[in-house]
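>>> Any chance you could fold what I've pasted below:
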Amino acid sequence: MVSQFGSLGYTIMGKTADLTVFWTTIIDTLHKEGKPQTSTAKEAGCSQSAVSKHVNRKLSGRKKCGRKKCTTNRENRSLMRIVKQNPFKNLSKLHKEWTEAGVKASRATTHRHVKEFGYSCRIPLVKPLLNHRQRQRCLTWAKEKKNWTVAQWSKVLFSDEIKFCISFGNQGPRVWRKGGEAHNPSCLKFSVKFPQSVMIWGAMSSAGVGPLCFLKTKVTAPVYQEILEHFMLPSADQLFEDADFIFQQDLAPAHTAKSTKTWLNDHGVGVLDWPANPPDLNAIENLWGIVKRKMRNKRPKNADDLKATVKETWASIPPQQCHKLITSMPC
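Next up is the predicted model:
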């Protein structure tokens, strides 16, 4: 059956056009002719309220209705400037400074606008503080070592000192517990103000890890030379045997002392040139991170227990893990 609007190209029972378009076309045509809404609804095959809504929406020309914004674009730009000037301010300070400038907005509105700008509150990354000269040295060093192969990096004996504490701060596993078990001793993570700790010197290469040295005193030049004598040289013999190697150390005062340089020269140990505070360049730093992650589920009770745990975890590091770290060194 063809309607009276067949000349427009629409059919009631056919599929030549969408029914919604068909209805709206009929409603618009009959509304222009001045037909009442009841007859229009009967012709279109819909309810009178549908005809009324369509006509009123089209006449108003309004997409949405809602509350008027309480801040202007200029005031929003001033908030963005406040955020850019000091991104370390918390939300309360941002809201206070913005409202002190004469803007009438709630704390929730401030938060919403900051999020609309694309900002999210995150824990900042931590990087070494370097001056211009140190940054240039790091860049020069990286360019020089850019084309080093895995075979060249495999000749390096990486070393570093690190402190292990019984408490590892906020890191650690979560706990499954039922309601009312929050203070159950088996569900608690204990902390102390001055946790016991151990200072350790270690070395690693592509072939694996060397023996650990647990330090009992401050590392001075003579103490460091004792470490080199009793731990670095045995590590080199274990990991490189008779092959040549390059020793890596940072620029700590005990490492760069004249007596230490003389000791290294007398023992024929070649030292890898190293920039000050290089970010994430020492492969052993990643290995320390692996050891700490493996120790998350351990609960040493005292310093001796902590030493035993570190020793056990360090010994469990497979050579394949060290080789994987060294293969990641080339760019």
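
>>> all helices of the stretch 201-331 of the chain, in order?
221-227, 233-240, 253-256, 258-266, 283-294, 303-315, 319-327 (DSSP state H, counting those that start in this stretch).

>>> of all those helices, which lies closest to Ser39?
Across the helices of the stretch 201-331 of the chain, Ser39 has its closest neighbour in helix 283-294 (76.9 Å, C-beta to C-beta). Placement of C-beta: from N, CA and C, glycine included.

>>> so who does Ile246 touch?
Applying C-beta atoms under 8 Å, 6 or more residues apart in numbering to Ile246 gives the contacts 155-157, 270-272.

>>> brain fart, Asp280
Counting by C-beta under 8 Å, 6+ apart, Asp280 makes contact with Asn286.

>>> quick one on the thing from earlier: which among the helices of the stretch 201-331 of the chain is found nearest to Arg137?
helix 253-256 (14.2 Å).

>>> Centre of the chain to the closest one, how far?
33 Å (C-alpha atoms, centre = their mean, to the nearest Å).

>>> Show me what it packs onto, helices and strands only.
The contact analysis (3 or more C-beta pairs under 8 Å, 6 or more residues apart in numbering; DSSP states H and E) places helix 253-256 against helix 221-227.

>>> Now do the helix it packs on: everything it contacts.
201, 213, 215, 217, 219, 253-255, 257, 259-260, 263.

>>> Please repeat the previous calculation with a cut-off of 7 Å.
201, 213, 217, 254-255, 257, 259-260, 263 (C-beta atoms under 7 Å, 6 or more residues apart in numbering).

>>> and the residues you listed, which are buried?
Buried by 16 or more other C-beta atoms under 10 Å: 201, 213, 254-255, 257, 260, 263, out of those.

>>> quick one: which two of those are the most distant?
Cys213 and Ala257 (18.0 Å).

>>> quick one: contacts for the nearest residue to Val114 once chain neighbours are set aside?
Counting by C-beta to C-beta, 6 or more residues apart in numbering, Val114 lies nearest to Val83, which is 6.2 Å off, once chain neighbours are set aside. If you count contacts by C-beta under 7 Å, 6+ apart, Val83 has them with 94, 114, 117, 119.

>>> May I ask which helix or strand encompasses Val83?
Per DSSP states H and E: Val83 is located in helix 73-85.
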